[in-house]
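Engineer: Sequence and predicted structure below; questions after.
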Amino acid sequence: MADTTVVRFSFEGEKFEILVKPDPALEYKLGKKKDIAAILVSEEIYTDSGKGTKPAAEKLLKAFNTEDQTEIAEIIMKKGDLNLTTDQRRKMIEEKRKQIVEYMAKTYVDPKTHLPHPPLRIENAMRDARVSIDPHNNIQEQAKDIVEKLRSVLALKSENLNLEIIIPAQFASQSYAVLKSVGSLKKEEWQNNGSLKAILEIPAAAKPNVIDRLGSITKGSASVEVVQ
């Protein structure tokens, strides 16, 4: 049926399937929809949806550590392969391409300048090198493979920086949450006046974004310096 498609997942040789609505399921895969109930045709878990065969309860428990069918459906949607139409596959590949380019722009730098490459430069290099994108595979793992393929046309290096950051007291609490979300806090010292002094390790390419975010929160009053 045109209004139904299959998501397949394998675990230790055992196969599991769920029936879903094609377009909502694609939106779920792309992170644009979060309600699993809205994409399921039914909550049934199958070993072969075409034949209507279902797995034994102990096989579900072994593969998913639960017998709750909604939880199992969420795992299958997250880890399984959605049977895509040609148009859906194209859309998913383009979305994954954008995510990979964004990740690379935030993670890798030009080793000569220690600055990130603009996303458009990365995207053009990927097209010139005829890099293929797998719509299902992990972004970080694909990025590592793509970097190797691009080395002949685009210099890319993953490098980290340590930033010494001083945040005035009135902005310290809000800024602290941002620091923890963008990098690894190597050191933090809360001063007697309530200000925060911290050493933050980040990918070098993320530096402009970190400075912009802190500048926005602190109205430009934060001090940020690169340290060894």
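Structural biologist: Noted; the coordinates are in hand.
Engineer: which stretches of the chain aren't confidently modelled?
Structural biologist: Residue ranges of the chain with pLDDT under 70: 1-2.
Engineer: quick check: domain ranges of it?
Structural biologist: With domains defined by automatic domain parsing, the chain comprises 5-82, 86-157, 159-227.
Engineer: got the ones you listed as a markdown table, with mean neighbour count columns?
Structural biologist: For glycine as for every other residue, the C-beta is placed from the backbone atoms N, C-alpha and C. Converted to a markdown table, the domains of the chain look like this (neighbours: other Cβ atoms under 10 Å):
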| stretch | mean neighbour count |
| --- | --- |
| domain 5-82 | 16 |
| domain 86-157 | 16 |
| domain 159-227 | 16 |
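Engineer: Once you drop chain neighbours, what's closest to residue 214?
Structural biologist: Of all residues not flanking residue 214 in the chain, residue 222 sits nearest, at 4.5 Å (Cβ to Cβ, 6 or more residues apart in numbering).
Engineer: what residue lies at the spatial centre of the protein?
Structural biologist: residue 139 (6.2 Å; Cα atoms, centre = their mean).
Engineer: residues in contact with that residue?
Structural biologist: By Cβ atoms under 8 Å, 6 or more residues apart in numbering, residue 139 lies in contact with 96, 99-100, 103.
Engineer: packing partners for the helix ranked longest in the chain?
Structural biologist: If you go by DSSP state H, the chain has its longest helix at helix 86-107. The contact analysis (3 or more Cβ pairs under 8 Å, 6 or more residues apart in numbering; DSSP states H and E) places helix 86-107 against helix 22-29, helix 119-128, helix 139-150.
Engineer: between the last one and helix 119-128, how big is the angle?
Structural biologist: This points to helix 139-150. 70 degrees (axes from the mean of the first three to the mean of the last three Cα atoms, to 10 degrees).
Engineer: Need the contact partners of the next helix or strand along the chain from helix 139-150.
Structural biologist: Next helix or strand after helix 139-150 toward the C-terminus (DSSP states H and E): strand 157-158. Applying Cβ under 8 Å, 6+ apart, the contact partners of strand 157-158 are 107-111, 147, 203.
Engineer: re earlier: next one: the residue nearest to the centre of the chain from residue 102, what distance?
Structural biologist: 9 Å (Cβ to Cβ, to the nearest Å).
Engineer: and what of residue 13?
Structural biologist: Taken as Cβ to Cβ, the span from residue 13 to residue 102 is 36 Å.
Engineer: Distance check, the residue lying closest to residue 36 once chain neighbours are set aside against residue 52.
Structural biologist: The shortest distance from residue 36 to any non-neighbouring residue, by Cβ to Cβ, 6+ apart, is to residue 74 (5.1 Å). Per Cβ to Cβ, residue 74 is found 22 Å from residue 52.
Engineer: same thing with residue 184?
Structural biologist: Separation of residue 184 from residue 52 (Cβ to Cβ): 50 Å.
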